[in-house]
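Chemist: I'll drop the sequence and a predicted model, then ask my questions.
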Amino acid sequence: MWLAPAVAAALLSGCVAGEPPPPSPAPSTLTMAAVAGRAAHTSTTLDDGRVLVVGGCVTDGCAIATRDTALVDAAGARAVAGPKLREPRSSHTSTPLEDGRVLVVGGFLGEGAGVTGSIEMFDPDDGAMLQADSLVQARGGHAAARLSDGRVLVVGGWISPGRYTDTVEIVDPVTGEVTPAQPLPWAADALEATSLPDGGVLVTGGQVARGAATPLAAVFEEFTGQWRVVDSMNTPRLKHFAVRLDDGRILLGGGTPDDRTLLATTEVFDPGTGGFAPGPGMIEARYKLPGGVVALPASRVLIASGGRTAEIVDVASGASQLVAEFDGRASFATVNLVANDAALVLGGYDEQIDLTGLDRLIRVPAAP
């Protein structure tokens, strides 16, 4: 069952049933620099064009996670503070739902503090963060994707030093109920989950031992609740990206096979055949990509995290186009499309794990 913070406060204060809670104070204005001073956060585009920024680590070294959220306007230029999270979190997931809400799950509590299984829901209608029961298995660095019936599949993740989980849980955003599902055929963190046109979810790769990636891939079939192992990727990958194209295929790319060698290759998964074909090469090898890639019309993909540049990969033509250069590497930055044919790139950290504070609006050229 979902419980809004205002309702919980009213119950604790003894308000009369049915009596409306006191009005919330106006949100405080934030500088964009304050919003951008984080990494391993999530940024989700809402139905009205605003961008919800949730959590992340907020110190050099990425040791301290935050409870803060922010709402950036549809132009990507101004921000206000959002509701506080129940717990600090980084490397969590934020999944947009059909009704415009956003489901926030799991994550790291901070260096040495372990992981959380808590679940929260942002409601854009009243700006509140609703709370529900937790996952059975706390986790961070996991993956999540929406099923066709609106529920959210939560897969894998890091659970303790050197230990990764194969457990899978399904969150019902209507009731807040969490139910177990058949385990993934391998245990991993730093993996990817992508919704398919038929309602299933493709899960790829991940870290199966310290510094070791797998090429394995499987599809969770929503109507049977079973995993179907498909062809393996051509390359083992962890900390890679996976995004659905407008024709229903999935573009995967980047990442690393060993947490040292960065990859510039991509692959295209065809749900019809269950196989992977080589995709266009990226201009720059990059990893630590979750949240830093967005699909564009005409089978193009904007990649703006994990490297020193932003580029557009055109799957149809096989070409890649440089669209922006940064001062340094921006690992675990995020990118969202905003107004006026632009994209907002936020946050990340560099090779020394120092926060970049990246706050960049880049123009997105139209398809040729």
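Modeler: Cool, the structure landed.
Chemist: for residue 212, list each beta-bridge partner.
Modeler: Residue 212 has these beta-bridge partners by DSSP bridges: residue 209.
Chemist: tell me the contacts of it?
Modeler: 236, 257-258 (CB atoms under 8 Å, 6 or more residues apart in numbering). In short, each C-beta sits where N, CA and C put it, glycine included.
Chemist: in the stretch 1-150 of the chain, which spans are strands?
Modeler: Along the stretch 1-150 of the chain, counting by DSSP state E, counting those that start in this stretch, strands occupy 29-30, 42-45, 51-54, 69-72, 79-81, 93-96, 102-108, 115-123, 128-131, 143-146.
Chemist: so what does the fifth one touch, helix or strand wise?
Modeler: Applying 3 or more CB pairs under 8 Å, 6 or more residues apart in numbering; DSSP states H and E, one finds that strand 79-81 contacts strand 29-30, helix 32-36, strand 69-72.
Chemist: try 6 Å this time
Modeler: On a contact count with 3 or more CB pairs under 6 Å, 6 or more residues apart in numbering; DSSP states H and E, strand 79-81 meets strand 29-30, strand 69-72.
Chemist: which stretches of this structure form helices?
Modeler: 5-13, 32-36 (DSSP state H).
Chemist: which of these has the lowest average pLDDT?
Modeler: Of all the helices of the chain, the minimum mean pLDDT falls on helix 5-13 (a mean of 42).
Chemist: count of residues packed around residue 99?
Modeler: 12 (other CB atoms under 10 Å).
Chemist: all numbers from here: first residue = 17
Modeler: I'll keep to 17 as the first residue from here, and by that count the last item is residue 115.
Chemist: tell me how far it lies from residue 60.
Modeler: Distance, residue 115 to residue 60, using CB to CB, to the nearest Å: 14 Å.
Chemist: check residue 256 too.
Modeler: For residue 256, the distance to residue 60 - CB to CB - is 20 Å.
Chemist: the more surrounded of the two?
Modeler: More neighbours surround residue 256 than the other of residue 256 and residue 60, with 32 against 19 (other CB under 10 Å).
Chemist: now do the same contact list for the more buried one.
Modeler: Counting by CB atoms under 6 Å, 6 or more residues apart in numbering, residue 256 touches 221, 270-271.
Chemist: just the closest of these to residue 51, please.
Modeler: Nearest to residue 51 among those: residue 270, at 24.9 Å, using CB to CB.
Chemist: residue 280 contacts residue 303, correct?
Modeler: No. Assessed by CB atoms under 6 Å, residue 280 is found out of contact with residue 303, at 10.2 Å.
Chemist: which of those two has more neighbours?
Modeler: Taking neighbours as other CB under 10 Å, residue 280 and residue 303 compare with residue 303 leading, 26 against 15.
Chemist: any idea how far residue 376 is from the closest residue to residue 367 other than its chain neighbours?
Modeler: Nearest residue to residue 367, sequence neighbours excluded (CB to CB, 6 or more residues apart in numbering): residue 345, at 5.6 Å. Relative to residue 376, residue 345 is positioned 14 Å away (criterion: CB to CB).
Chemist: likewise residue 191?
Modeler: With CB to CB as the criterion, residue 191 and residue 376 are 40 Å apart.
Chemist: check residue 114 too.
Modeler: From residue 114 to residue 376 the distance is 30 Å (CB to CB).
Chemist: is residue 284 in a bridge, and if so with what?
Modeler: residue 267, residue 293.
Chemist: tally up the residues packed near it, please.
Modeler: Considering only other CB under 10 Å, residue 284 is surrounded by 19 other residues.
Chemist: who's in contact with it?
Modeler: Contacts of residue 284 (CB under 6 Å, 6+ apart): 265, 267, 293, 295.
Chemist: next one: the first one relative to residue 285, how far apart?
Modeler: If I follow you right, that is residue 265. For residue 265, the distance to residue 285 - CB to CB - is 6 Å.
Chemist: neighbour count winner among these two?
Modeler: residue 285 (28 against 18).
Chemist: the residue nearest to the more buried one when sequence neighbours are not counted and residue 125, how far apart?
Modeler: Nearest residue to residue 285, sequence neighbours excluded (CB to CB, 6+ apart): residue 266, at 4.1 Å. From residue 266 across to residue 125, the span is 31 Å (CB to CB).
Chemist: now do residue 341
Modeler: 35 Å.
Chemist: pretty sure residue 46 is touching residue 95, no?
Modeler: Yes. With contacts counted by CB under 6 Å, residue 46 reaches residue 95, the gap being 4.4 Å.
Chemist: which one of these two has more residues nearby?
Modeler: residue 95 (25 against 18).
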